[in-house]
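>>> Next come a sequence and a model predicted from it.
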There are 2 protein chains.
Amino acid sequence: MTDKIYTSALIIIGDEILSGRTQDKNTSWIAARLNELGVRLAEVRVIPDEKEKIVETVNLLRASHDYVFTTGGIGPTHDDITASSMAAAFGVELVLNEEAYNELLSYYKDEDEITPARKKMAYIPAGGSLIKNPVSGAPGIKIENVYIMAGVPKIMQSMFEAIAPTLKGGKPMTSRSVTCDLPESVVADELGAIQARYPDISIGSYPKYQDGKFFTSLVLRGVDKLLLEQAVAEVAAMVEGCGDKNPEIV
Amino acid sequence: MTDKIYTSALIIIGDEILSGRTQDKNTSWIAARLNELGVRLAEVRVIPDEKEKIVETVNLLRASHDYVFTTGGIGPTHDDITASSMAAAFGVELVLNEEAYNELLSYYKDEDEITPARKKMAYIPAGGSLIKNPVSGAPGIKIENVYIMAGVPKIMQSMFEAIAPTLKGGKPMTSRSVTCDLPESVVADELGAIQARYPDISIGSYPKYQDGKFFTSLVLRGVDKLLLEQAVAEVAAMVEGCGDKNPEIV
């Protein structure tokens, strides 16, 4: 019996990424954390702040993955439409969440300070629950297998850590790499032969071009550590045979 | 008559992004360049090095956008499956491209140096044409409205600049920003009112959390520069009224 593979998708909601104004930093952080948890990140989609697109994307992905994570669009401003879009995706109403409202009250102290924009942050899709936000007044939301988080990296990260212990994963992938100062094409044929002998190890080849010279990182990933070590040894020996006597093995 | 809006999608092909090993740097660069060219980047998808997924994604997106760009997977190694996947997506064969083969010959000088792995880089989907790669032996490929580029940022950028003059775009969006040291919730209600009065200007609000303090960037985008200036002036006056007498206007 093979172990279940847990998969997930990430939806980055943000016009600012699509316009090139902001460099997304959430994908690589979430990807690395999911990897540690044994949850495979199967795809990422960056979509605009548009209700229809959010509804369509979340409904498609929540049906095909164990977990869906979203970042962005949960604040108090007019362009923060993630919560209302999620309600539409799940076919439920937005309801005032008492716990979220009390959090707002304790954050702003005075009820008069709960302006309409701030109060909006306490509305979540019916059936959802809160993901604590220790930094600002806007909580994240969990509804079924969808986790709605902030776009600001520090806040997103603290929300993710709050939910991480509740996520079920399989055996985590271990990753090793052999980096050499050869171009890809020198090692390509023999590397393909090694990959063919190790179907359970995924071997990727990543060229890098620096100061007019090519480097290649060969990255090996797998859940079986012993098998992984064998494959790493073969790749290292192959690289040495191709001309780099001192590859960097990490 | 309104001007045509040109839209595009970007497909990042790369296990290394999904595992968190590599931080994607191509999205923000391509997004910014497309914006200058008046082409709207409507969505980005990060997908694994899997043929079926590549075929499905490119066929979906090339039918719904003016342009589709892909990065990654065009080298000589076994995991470089973009060209063969594209051939499958378009229902054509991979054919040896004479120009690409001659480029390889001039790069490697000797026919004996054209190993199977290197020769693979000269095969492109039938009906496709080359995008020059001034850095290494692997060219990019254009087939219909799909532009297949390298994953290495420097190489991708030189390929993009080779095709940029051939891309048709609409009027470019101009972007301005008003940044203040107030949290979003202070400006949210009045900002929503301004957005309602300027339907042709897209106003985004981006919070930032630094050293225990909140900042908010209000980003205004539009094709009509005069209208944009008016909206910027209103937003700046609103921010001053809310308490930041000296917002940064860029």
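Done, it's in. Numbers count the residues shown, from 1 in each chain, chains lettered A, B, ... in the order given.
>>> drop to CA atoms for contacts and neighbour counts, all remaining ones
Fine.
>>> if I read this right, residue A:82 contacts residue A:76, doesn't it?
No. Using C-alpha atoms under 8 Å, residue A:82 makes no contact with residue A:76, being 10.9 Å away.
>>> Show the residue spans covered by the helices in chain A.
For chain A, the helices defined by DSSP state H occupy A:15-18, A:26-37, A:51-64, A:82-90, A:98-108, A:116-120, A:153-163, A:184-197, A:225-242.
>>> which residues sit against the first one?
What that stands for is helix A:15-18. A:22-24, A:46-49, B:27-28, B:31, B:41-44, B:204 (C-alpha atoms under 8 Å, 6 or more residues apart in numbering or on different chains).
>>> Show only the entries of these found in strands.
Among the contacts of helix A:15-18, the members falling in strands (DSSP state E) are A:46-47, B:41-44, B:204.
>>> what's the closest of the residues you listed to residue A:114?
Nearest to residue A:114, judged by C-alpha to C-alpha, of the ones in strands among the contacts of helix A:15-18 is residue B:204 at 21.9 Å.
>>> Just grab the bridge partners of the closest residue to the closest one other than its chain neighbours for me.
Taking C-alpha to C-alpha, 6 or more residues apart in numbering or on different chains, and ignoring the residues beside it in sequence, residue B:204 has residue B:219 as its nearest neighbour in space, at 5.1 Å. Counting by DSSP bridges, residue B:219 forms beta bridges with residue B:177, residue B:204.
>>> pLDDT score for residue B:219?
Looking at residue B:219, its pLDDT is 95.
>>> on that earlier part again, which pair of the ones in strands among the contacts of helix A:15-18 spans the longest distance?
Going by C-alpha to C-alpha, the pair spanning the ones in strands among the contacts of helix A:15-18 furthest: B:44 and B:204, at 19.1 Å.
>>> thought residue A:35 was touching residue B:21?
No. Taking contacts as C-alpha under 8 Å, residue A:35 lies outside contact range of residue B:21: 9.9 Å.
>>> Same drill for the two, tell me which one is more crowded.
residue A:35 (23 against 16; other C-alpha atoms under 10 Å in any protein chain shown).
>>> Next one: the more buried one from residue A:204, what distance?
Using C-alpha to C-alpha, to the nearest Å, residue A:35 is found at 16 Å from residue A:204.
>>> same deal with residue A:37?
On the measure of C-alpha to C-alpha, residue A:37 and residue A:204 end up 21 Å apart.
>>> which of those two has more neighbours?
Per other C-alpha under 10 Å, whichever of residue A:37 and residue A:204 has more neighbours is residue A:204, with 23 against 19.
>>> The more buried one reaches residue A:219, doesn't it?
Yes. Here residue A:204 lies in contact with residue A:219, judged by C-alpha under 8 Å, at a distance of 5.1 Å.
>>> Got the domain ranges for chain A?
As assigned by automatic domain parsing, chain A contains the domains A:6-166, A:174-249.
>>> export these to JSON lines and tack on distance to residue B:177?
JSON lines is the format used below for the domains of chain A (distance: least, C-alpha to C-alpha, whole Å):
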{"stretch": "domain A:6-166", "distance to residue B:177": "11"}
{"stretch": "domain A:174-249", "distance to residue B:177": "35"}
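>>> so which of the ones you listed is the most packed in?
Ranked by mean neighbour count, those are led by domain A:6-166 with a mean of 20 (mean count of other C-alpha atoms under 10 Å in any protein chain shown).
>>> what about the nearest residue to residue A:249 once chain neighbours are set aside, distance to residue A:239?
In space, residue A:249 comes closest to residue A:178 once its chain neighbours are excluded; the distance is 4.5 Å by C-alpha to C-alpha, 6+ apart. According to C-alpha to C-alpha, residue A:178 stands 8 Å off from residue A:239.
>>> overlap in contacts of these two?
Common neighbours of residue A:178 and residue A:239 are listed as residue A:247 (criterion: C-alpha under 8 Å, 6+ apart).
>>> show me where pLDDT drops low in chain A?
Filtered on pLDDT under 70, chain A yields the residue ranges A:1-2, A:136-137.
>>> try 50 this time
A:1 (pLDDT under 50).
>>> ok, now how distant is residue A:6 from residue B:131?
38 Å.
>>> Give me the nearest residue to residue A:209, chain neighbours excluded.
Spatial nearest neighbour of residue A:209, excluding adjacent residues (C-alpha to C-alpha, 6+ apart): residue A:215 at 6.3 Å.
>>> Mind listing the residues bridging to the one you found?
Taking DSSP bridges as the rule, residue A:215 bridges to residue A:208.
>>> check contacts around it.
So residue A:215 contacts A:179-184, A:207-209 (C-alpha under 8 Å, 6+ apart).
>>> Was I right to think residue A:147 contacts residue A:68?
Yes. At 6.2 Å, residue A:147 counts as touching residue A:68 under the criterion of C-alpha under 8 Å.
>>> Is chain B within reach of stretch A:149-158?
Yes. Under the criterion of C-alpha under 8 Å from any C-alpha of the partner chain, chain B is reached by stretch A:149-158 at A:152, A:154.
>>> chain center to that stretch: distance?
How far stretch A:149-158 lies from its chain's middle: 12 Å, per C-alpha atoms, centre = their mean, to the nearest Å.
>>> Same question for stretch A:88-102.
Remark: stretch A:88-102 is offset 25 Å from the chain centroid, using C-alpha atoms, centre = their mean.
>>> out of the domains of chain A, nearest to residue B:229?
Closest of the domains of chain A to residue B:229 is domain A:6-166, at 18.8 Å (criterion: C-alpha to C-alpha).
>>> Endpoints of the closest one, how far apart?
Domain A:6-166: ends 13 Å apart by C-alpha to C-alpha.
>>> And for stretch A:3-16?
Per C-alpha to C-alpha, the first residue of stretch A:3-16 is 39 Å away from its last.
>>> go on, stretch A:147-159?
So stretch A:147-159: terminal residues 9 Å apart, C-alpha to C-alpha.
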